[in-house]
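Colleague: Dropping the sequence and predicted coords here.
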There are 2 protein chains.
Amino acid sequence: MKEISEYQSLVLEQLELLEKEKSDLALYDPVSYILSLGGKRLRPVLTLLATDLFGGKLEDSYKSAVGIEMFHNFTLLHDDIMDDAPLRRGMETVHEKWDINSAILSGDVLFVQAFVMVTSCKDKYLRSVLDLFNVTAIEVCEGQHLDMEFETREDVTIPEYIEMIKLKTSVLVGCALKLGAILADASKEDQENLYDFGVNLGIAFQIQDDILDVYGDSALFGKQVGGDILANKKTYLLLKALEDSTPQQEEELNTWLNKSTYDNAEKVTAVTTVFTDLKVKEQADEVMWEYYEKSIDFLNKINLPEENKNYLLDFAKTLIERSK
Amino acid sequence: MKEISEYQSLVLEQLELLEKEKSDLALYDPVSYILSLGGKRLRPVLTLLATDLFGGKLEDSYKSAVGIEMFHNFTLLHDDIMDDAPLRRGMETVHEKWDINSAILSGDVLFVQAFVMVTSCKDKYLRSVLDLFNVTAIEVCEGQHLDMEFETREDVTIPEYIEMIKLKTSVLVGCALKLGAILADASKEDQENLYDFGVNLGIAFQIQDDILDVYGDSALFGKQVGGDILANKKTYLLLKALEDSTPQQEEELNTWLNKSTYDNAEKVTAVTTVFTDLKVKEQADEVMWEYYEKSIDFLNKINLPEENKNYLLDFAKTLIERSK
């Protein structure tokens, strides 16, 4: 096994190779742009890591891994239009730098390129790879749909929220890992356990993201603390707070949710105070650890040498223990 | 072989089956809507027809054929956003009836569904089917990109225009036919000849569409005569007219192209007069028939009984002789 940073370097090399071969049609400029914005390249790293775990050849997974990164970037490109986001990783979003039409169409072609790359595998794996990717892509669209729908709904429940984050983000974590396992000829059972490890770890990660948005150290977390609160985002914390609140606390929360003008720091402090009074952080932590433990249970079922499983365990720990 | 209307009925039956099985997530409402708007279902009909021509089982092609129709509708859905089109087949477009975000995301999920359906074939055909569909999908995006780019360019040449219509519409005609041939186990050579037949016929059809827009009988053609002229669309006729015009005719054309207010009938008559003076209809007819003949040359190379080839020939004739 390699260091995570080594897998990252391999992914970057592959992305650079692709960039060199690219068509000079202006359609592909936004594709190059979004793929160049950086990020941790977590998903393709997971694909390579999984192939390595099961003793496969890394070269056999390069293209599929890059395809997963392309798919992820396609979703970012279209999601940014839908969310009317001005910035992505601190840079202008594609629809801001170009226009909405370019962002739609470049996203579409990036999506096809993702299919091409993900399915660039030996023919014997093609059906499994394609089935996995098709199902995942549909689920990610459904997750984004639910996320948008929740914005205008007042009755979102916590199980619905968990289902949404599972579809929108966690299934792709599971997919990236399972893809690497398929390409390394892992058994069906191991593929499924690795998938479930990834999905549950993804849910834990997302709940932790909600917690860190309010209680994280902004320097370590890398985002503005309270961003979700200012955006009235229906996170685990807000949904739990609304569920557990006294009538008075509920009114306090709703007052802030409905205010159109306010001082940012004041709103963050006020909402955080209600969260803290209701101990929603502790409850979110508990649920986050439940999903983490569930992921580790699946990890333990995988038929791999302890050494390899410990590698995955360390990876999971590092992911969850970030900025705490 | 069956009547075209019988293949159409089979496609409609399959679409109805799909509709019955559909998820009740609101994400899929625009998908059902656009698939229900009708049309000739030409592309899936071509897939079934090709399977039948080569003695394949129609049932083996049902899903892939429907996938081609889904892909076509996905392109319509996203193109309508980009073109800001209010109507599609006389009904509200998806982004008008819902909103742009719903149209983007429903389009995306319809695109994945198209992949699922197109690749619902026997494993032995999967690689060929997927390669064909991937290449076609990329080309269709590139064609749409060129079409949009041409709107703001003053120097579009006729070869560029032909390349654009080939990518935007004709390759999908070739793809639909080739798909049916692959699924009927036709030889590679026959697959390619059928593909080239389709692509060239598609180009002929598109040039004829440009001609009919100006010189067609609106009752038979089903569209408003002069629609392209009013929209300043860079059709074969306009590009040819700009190429062949005297300085005075060029000025006349540019005056109309740049006018922001005008009487519709007056603009159509004035531009048509320049076209007629320059005999661009005759030249477009000639080029259209060249592509038609080219398509027939490819048809003749296919190793099929004369009877089957005559069926395709009759089909091509009917397509080209519409409303003339």
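Modeller: Arrived safely.

Colleague: Count the neighbours of residue A:293 for me.
Modeller: Look at residue A:293: counted by other C-beta atoms under 10 Å in any protein chain shown, it has 11 neighbours. Yep, even glycine has a C-beta here, placed from its N, CA and C like the rest.

Colleague: ugh, wrong one, residue A:265
Modeller: 10.

Colleague: Quick check: the gap between it and residue B:298.
Modeller: 71 Å (C-beta to C-beta, to the nearest Å).

Colleague: How much space separates residue A:2 from residue A:295?
Modeller: Note on residue A:2: its distance to residue A:295, by C-beta to C-beta, is 22 Å.

Colleague: which one of these two has more residues nearby?
Modeller: A direct count of neighbours by other C-beta under 10 Å for residue A:2 and residue A:295 places residue A:295 higher, at 28 against 15.

Colleague: Contact residues of the stretch 51-200 of chain A facing chain B?
Modeller: A:78, A:81-82, A:100-101, A:104-105, A:108-109, A:111-113, A:115-116, A:119, A:123, A:126-127, A:130, A:134, A:137-138, A:141-142, A:144-145, A:148-149 (C-beta under 8 Å from any C-beta of the partner chain).

Colleague: ok, and what's touching the helix or strand hosting residue A:162?
Modeller: Assigned by DSSP states H and E, residue A:162 belongs to helix A:158-165. By C-beta atoms under 8 Å, 6 or more residues apart in numbering or on different chains, the residues outside helix A:158-165 that reach it are A:143, A:146-147, A:150, A:202-203, A:206-207, A:234-236, A:239-240, A:243.

Colleague: Then stretch A:178-185?
Modeller: By C-beta under 8 Å, 6+ apart, stretch A:178-185 touches A:46-57, A:60-61, A:64-65, A:68, A:118, A:121-122, A:125, A:128-129, A:132-133, A:190-192, A:194-195, A:198.

Colleague: Can you show me the strands along chain A?
Modeller: Taking DSSP state E, the strands of chain A run over residues A:87-88, A:91-92.

Colleague: Pipe the ones you listed into JSON lines and attach distance to residue A:18 per row.
Modeller: Output for these, formatted as JSON lines (distance: least, C-beta to C-beta, whole Å):
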{"stretch": "strand A:87-88", "distance to residue A:18": "20"}
{"stretch": "strand A:91-92", "distance to residue A:18": "20"}
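
Colleague: Which of those comes out lowest on mean pLDDT?
Modeller: When these are compared on mean pLDDT, strand A:87-88 scores lowest, with a mean of 92.

Colleague: Return the residues in contact with the closest residue to residue A:72 other than its chain neighbours.
Modeller: Nearest non-adjacent residue to residue A:72, counting by C-beta to C-beta, 6 or more residues apart in numbering or on different chains: residue A:43, 5.4 Å away. By C-beta under 8 Å, 6+ apart, residue A:43 lies in contact with A:65, A:68-69, A:72, A:172-173, A:176.

Colleague: Quick one, which of the residues you listed are buried?
Modeller: Buried subset of the contacts of residue A:43 (neighbour count, 16 or more other C-beta atoms under 10 Å in any protein chain shown): A:65, A:68-69, A:72, A:172-173, A:176.

Colleague: re earlier: now, of the residues of the stretch 51-200 of chain A next to chain B, which are buried?
Modeller: A:78, A:81-82, A:100-101, A:104-105, A:108-109, A:111-113, A:115-116, A:119, A:126, A:130, A:134, A:137-138, A:141-142, A:144-145, A:148.

Colleague: So which of the residues you listed belong to helices?
Modeller: If you go by DSSP state H, these have A:78, A:81-82, A:100-101, A:104-105, A:108-109, A:111-113, A:115-116, A:126, A:130, A:134, A:137-138, A:141-142, A:144-145, A:148 in helices.

Colleague: Turn the strands of chain A into JSON lines, columns for mean neighbour count.
Modeller: Below are those laid out as JSON lines (neighbours: other C-beta atoms under 10 Å in any protein chain shown):
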{"stretch": "strand A:87-88", "mean neighbour count": "15"}
{"stretch": "strand A:91-92", "mean neighbour count": "15"}
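
Colleague: For residue A:320, give me the pLDDT.
Modeller: 89.

Colleague: follow-up on the earlier one: and which of the contacts of residue A:43 is nearest residue B:310?
Modeller: For the contacts of residue A:43, the closest approach to residue B:310 (C-beta to C-beta) belongs to residue A:68, at 48.7 Å.

Colleague: Next, residue A:54: phi, psi?
Modeller: phi -100, psi 20 (degrees, to the nearest 10).

Colleague: I figured it was touching residue A:305, is that so?
Modeller: No. Residue A:54 is beyond contact range of residue A:305, at 10.7 Å (criterion: C-beta atoms under 8 Å).

Colleague: still on that earlier bit, select from the buried ones among the contacts of residue A:43 every entry located in helices.
Modeller: With helices defined by DSSP H, the entries of the buried ones among the contacts of residue A:43 inside them are A:65, A:68-69, A:72, A:172-173, A:176.

Colleague: Now tabulate those in TSV and tack on pLDDT and distance to residue B:160.
Modeller: Listed next are those as TSV, based on pLDDT from 0 to 100; distance: C-beta to C-beta, whole Å:
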residue	pLDDT	distance to residue B:160
A:65	98	37
A:68	98	35
A:69	98	33
A:72	98	34
A:172	98	39
A:173	98	44
A:176	98	40
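
Colleague: a markdown table for the residues you listed, including distance to residue B:15?
Modeller: Shown next, in a markdown table, are these (distance: C-beta to C-beta, whole Å):
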| residue | distance to residue B:15 |
| --- | --- |
| A:65 | 36 |
| A:68 | 32 |
| A:69 | 35 |
| A:72 | 32 |
| A:172 | 30 |
| A:173 | 35 |
| A:176 | 34 |
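
Colleague: how close does the closest residue to residue A:277 other than its chain neighbours sit to residue A:211?
Modeller: Distances taken as C-beta to C-beta, 6+ apart put residue A:249 closest to residue A:277, at 7.1 Å, once the chain neighbours are dropped. Distance, residue A:249 to residue A:211, using C-beta to C-beta: 19 Å.

Colleague: What number of residues are in the vicinity of residue A:308?
Modeller: 15.

Colleague: Which residue lies closest in space to it, excluding its sequence neighbours?
Modeller: Closest to residue A:308 by C-beta to C-beta, 6+ apart is residue A:53, at 5.1 Å.

Colleague: what does residue A:46 give?
Modeller: Sequence neighbours aside, residue A:176 is the residue nearest to residue A:46 in space, at 4.1 Å (criterion: C-beta to C-beta, 6+ apart).

Colleague: Quick check: that neighbour touching residue A:68?
Modeller: Yes. Between residue A:176 and residue A:68 there is a contact under C-beta under 8 Å: 5.0 Å.

Colleague: List the residues that are in contact with both of the two.
Modeller: Residues touching both residue A:176 and residue A:68 (C-beta under 8 Å, 6+ apart): A:43-44, A:47.

Colleague: Which one of these is nearest to residue B:22?
Modeller: Closest approach to residue B:22 among these (C-beta to C-beta): residue A:43, at 29.3 Å.

Colleague: Chain B versus that closest one, what's the distance?
Modeller: 17 Å (C-beta to the nearest C-beta, to the nearest Å).

Colleague: what does residue A:303 give?
Modeller: 27 Å.

Colleague: Burial check on that residue, number of neighbours?
Modeller: Residue A:303, neighbours per other C-beta under 10 Å, totals 11.

Colleague: In terms of pLDDT, where does it sit?
Modeller: pLDDT recorded at residue A:303 is 97.

Colleague: For PyMOL, what selects the buried ones among the contacts of stretch A:178-185?
Modeller: Buried members of the contacts of stretch A:178-185 can be picked out in PyMOL with the line below, counting by 16+ other C-beta under 10 Å:
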select buried, chain A and resi 46+47+48+49+50+51+52+53+54+56+60+61+64+65+68+118+121+125+128+129+132+133+190+191+192+194+195+198
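
Colleague: Which of the contacts of stretch A:178-185 fall in helices?
Modeller: Members of the contacts of stretch A:178-185 lying in helices (criterion: DSSP H): A:46-53, A:64-65, A:68, A:118, A:125, A:128-129, A:132-133, A:190-192, A:194-195, A:198.
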